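> Dropping a prediction and its sequence here:
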Amino acid sequence: MDIGMDGHIAKPIDTKHLFEMLVKWIKPREEFTSIPTSISNEMDDEEIPSFPEINIQKGLELIGGNKALYRKLLKQFHELCLNSMQEIETALEKGDIKTIGRIMHSIKGAAGSIGATNIESASEKIESQILENNAGKNDIDLEKFNECIDKVISSLSQLNPLSSKSSKKEEPVADHKTLLSSLEDLEPLLKTRKPKKCEQALEKVLSLSWPSNLRREIEELEKSVNKYKFKQAMTILESLLNKL
């Protein structure tokens, strides 16, 4: 404010508050007294199911009740979480605390925008710990964060058909031996590049419930096999085997 700003709106942005600030500081060409309270869209009558760790009412209020936009934000958040879990694991292995702080900052903002307050708080706590205390990888407590993220990834998978096929949200994560066996059955078939047999073995892989930090790679494995990119699929499979 001291450098010349007229006002400030903190994240997550509440659209009603945004309009109020615009009306306050922008002089309209014509008489304008009402403030929009919602944004019309063709999906207003379609109910959004409840999801653990997400306050849907709060999330909708932040974007003026636009259900179509909210669904899009939920899908984007699901993708962000899947990608972030893998990035966090890689960063921890490298001791790259700066990257973990960046990831937490991104998740904090996105979580706040959809009403996922527990994830917002958990990621903010870790981000602050990194920024203020110069924490090492052994000092970061990810237990609460992982607990919240796992619930969200599992429940939001129904919004992304590809993810729901490969992450069986209704079932607990399969045991290590079963997961390992499914990949080992697929491995020789990828080497011989036999499409039909690869697809059959892949179905077994996709029928299992995988840990959240591996689901993104399982999806990429599926895409590669379906596009007959067996060399790329083999690289992904080797990465998965190393992580099990």
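Good, I have the coordinates. Everything quoted here is computed from the prediction, not taken from an experiment.

> Going along the chain, name the helices of the protein.
15-25, 56-62, 67-94, 97-114, 117-133, 143-156, 161-167, 176-192, 195-206, 215-226, 230-243 (DSSP state H).

> Dump these to a markdown table, plus mean pLDDT.
Listed next are the helices of the chain as a markdown table, based on pLDDT from 0 to 100:
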| stretch | mean pLDDT |
| --- | --- |
| helix 15-25 | 63 |
| helix 56-62 | 91 |
| helix 67-94 | 86 |
| helix 97-114 | 92 |
| helix 117-133 | 88 |
| helix 143-156 | 84 |
| helix 161-167 | 45 |
| helix 176-192 | 94 |
| helix 195-206 | 88 |
| helix 215-226 | 88 |
| helix 230-243 | 93 |
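
> any chance of those helices in a markdown table, plus mean neighbour count and distance to I48?
From N, CA and C alone the C-beta is placed, and that goes for glycine too. Output for the helices of the chain, formatted as a markdown table (neighbours: other Cβ atoms under 10 Å; distance: least, Cβ to Cβ, whole Å):
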| stretch | mean neighbour count | distance to I48 |
| --- | --- | --- |
| helix 15-25 | 14 | 17 |
| helix 56-62 | 18 | 6 |
| helix 67-94 | 18 | 6 |
| helix 97-114 | 20 | 11 |
| helix 117-133 | 18 | 17 |
| helix 143-156 | 19 | 11 |
| helix 161-167 | 17 | 16 |
| helix 176-192 | 16 | 32 |
| helix 195-206 | 16 | 27 |
| helix 215-226 | 20 | 22 |
| helix 230-243 | 16 | 33 |
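
> which residues touch T90?
Neighbour list for T90: D96 [criterion: Cβ atoms under 8 Å, 6 or more residues apart in numbering].

> just to revisit the earlier point, nearest to S50, of the helices of the chain?
Among the helices of the chain, helix 56-62 comes nearest to S50, with 6.5 Å by Cβ to Cβ.
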